[in-house]
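J.: any chance you can model this:
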Amino acid sequence: MHPVTIVFGKEIRDATRDKRALLVAFGFPVLAPVLVYFMMTAIIELKMDAEKITIPIVGAQNAPAFIQWLEEQDVRLEEFSGDAEQAVRDKEQDLVVIIPGNYQRRLNELRTISIEIVSDGSRTASQPTVGRVHNLIRDYNREIASLRLIARGVSPEVMRVVISQTVDVATKQQRTATALNFIPLYIIMAAFVSGMGLAVDSTAGERERKTLESLIINPVERYQIITGKWLAATIFASLGMTLTLLLCIAAMSQVSLDEIGLKFHVTTPQIFLMLIATLPLAFLVTSMQLLLGIFAKSFKDAQSYIGLLTLLPVLSLVYTMFSPIRTEEWMFAIPMLGQHLLLVDVLGAKDVPLIGYFYSAISCLVLGMALVLVTARLFQRESILSN
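T.: Below you'll find the model as predicted:
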């Protein structure tokens, strides 16, 4: 057998025997889709609850016409008594609407009326409901303003000089891919998490256990040892990415995205393309982890160093979120960023040029092999074996 195959088989056997390592390697691919499912379900429930709200009101008798209009909008109302601010502060109410006692008088005098909405801006869960109430008041304001103009023989069109109309050329699938851009992040992060245990254990772990010396005394080239370890860690990283991808798709197919105007439908060819786009990244990630692992004096130290690598895919997501860019072909050659762009485009059913997959794969494979060669060269040093 070839030395690379022997080292590869040895690392795979050691990894599969360690049940705790397997749990760590594949815990993230299983938990991430579960998190995605519950997070999206919670968002949909919040939006649905905002559509069917119950508004606590103080002074409902001061604005009978307004109250009647709210009821016609399928809004439930309940009279509130007590300290509105304290009730919201104590989280007894999401919000309280206060209608002033001079509402009718100011309405008759054609003066502006101020309706207070008491809410807690630090409570994220209540924001959809608060936004819904603000929109209702704006709609009522526009309706009354139009009636006032009509009563004076003036067309409401006078107040609408210029209006904007949105023509969205994106499909529902593309909007869904943009809204779910955290799924590509989870898929990319799976490469870091799933392959990390094996990459660390086969370098820093063996140094700490004093088993590395017994391995390298064999008449085998150092680069062959590193290559076997690299391929074994890559297998785990690839399996983690594939599992995360499939489970995320399965989880999202169970979420009622139609309730929030989104559409999620992924075909088998799309899954195949996403795997082609992301799996080469596993070779690069594990080569980086091996390189850092040989510098660590212990397994714990290596985990600390390699943990910083997980910030790299987060940076690509933050960059695309806060610095919108026009995708160019050369961007696919940037590791992490290229995979993120490819995943979003494939999820959105966009036509991705074949050169994008080529750039993405070649950049990861070439850079990964270069780092493996650097690691093998460093592995020649005797200082690597000493703590």
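J.: the helix or strand T234 falls within: how far from the chain's middle?
T.: T234 is part of helix 222-253, with elements assigned from DSSP states H and E. Relative to its parent chain, helix 222-253 has a centroid offset of 20 Å by Cα atoms, centre = their mean, to the nearest Å.
J.: and for stretch 126-141?
T.: 28 Å.
J.: report the mean confidence score over the helix holding T234.
T.: For helix 222-253, the mean pLDDT works out to 89.
J.: buried set for the helix or strand harbouring L378?
T.: Per DSSP H and E: L378 is located in helix 354-379. The neighbour-count criterion (16 or more other Cβ atoms under 10 Å) identifies 356-357, 359-361, 363-364, 367-368, 371-372, 375-376, 379 as the buried residues of helix 354-379. C-beta here means a position set from N, CA and C on the backbone, and glycine is covered the same way.
J.: distance to V96 for these - can I get that in TSV?
T.: Output for these, formatted as TSV (distance: Cβ to Cβ, whole Å):
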residue	distance to V96
G356	53
Y357	55
Y359	56
S360	53
A361	57
S363	56
C364	55
L367	58
G368	59
L371	60
V372	63
T375	63
A376	68
F379	68
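J.: who's in contact with stretch 87-105?
T.: Surrounding stretch 87-105, the residues in contact under the criterion Cβ atoms under 8 Å, 6 or more residues apart in numbering are 55-60, 62-63, 66, 80, 84, 106, 113-120, 123, 125-126, 129-130, 133.
J.: among those residues, name the ones in helices.
T.: When the contacts of stretch 87-105 are checked against helices (DSSP state H), the matches are 66, 84, 106, 129-130, 133.
J.: for those, which one is nearest S194?
T.: T129 (39.9 Å; Cβ to Cβ).
J.: give me the distance between that closest one and I53.
T.: According to Cβ to Cβ, to the nearest Å, T129 and I53 sit 5 Å apart.
J.: and for F80?
T.: 14 Å.
J.: hmm, back to that, which two of the ones in helices among the contacts of stretch 87-105 have the greatest separation?
T.: R106 and T129 (26.4 Å).
J.: which one of the two has more residues nearby?
T.: T129 (20 against 13; other Cβ atoms under 10 Å).
J.: and that one, what pLDDT?
T.: 83.
J.: V285 contacts T310, doesn't it?
T.: No. V285 lies out of contact with T310 (Cβ atoms under 8 Å); the separation is 9.7 Å.
J.: for those two, indicate the residue with more neighbours.
T.: Ranked by neighbour count (other Cβ under 10 Å), V285 and T310 place V285 first, with 34 against 15.
J.: residues contacting that one?
T.: Per Cβ under 8 Å, 6+ apart, neighbours of V285: 191-192, 195, 237, 309.
J.: and the nearest residue to V7 once chain neighbours are set aside, what does it touch?
T.: Of all residues not flanking V7 in the chain, G228 sits nearest, at 2.6 Å (Cβ to Cβ, 6 or more residues apart in numbering). Contact analysis of G228 by Cβ under 8 Å, 6+ apart lists 3-8, 10-11.
J.: select only the buried ones of those in PyMOL?
T.: In PyMOL, a selection of the buried entries from the contacts of G228 looks like this (16+ other Cβ under 10 Å):
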select buried, resi 3+4+7+8+10+11
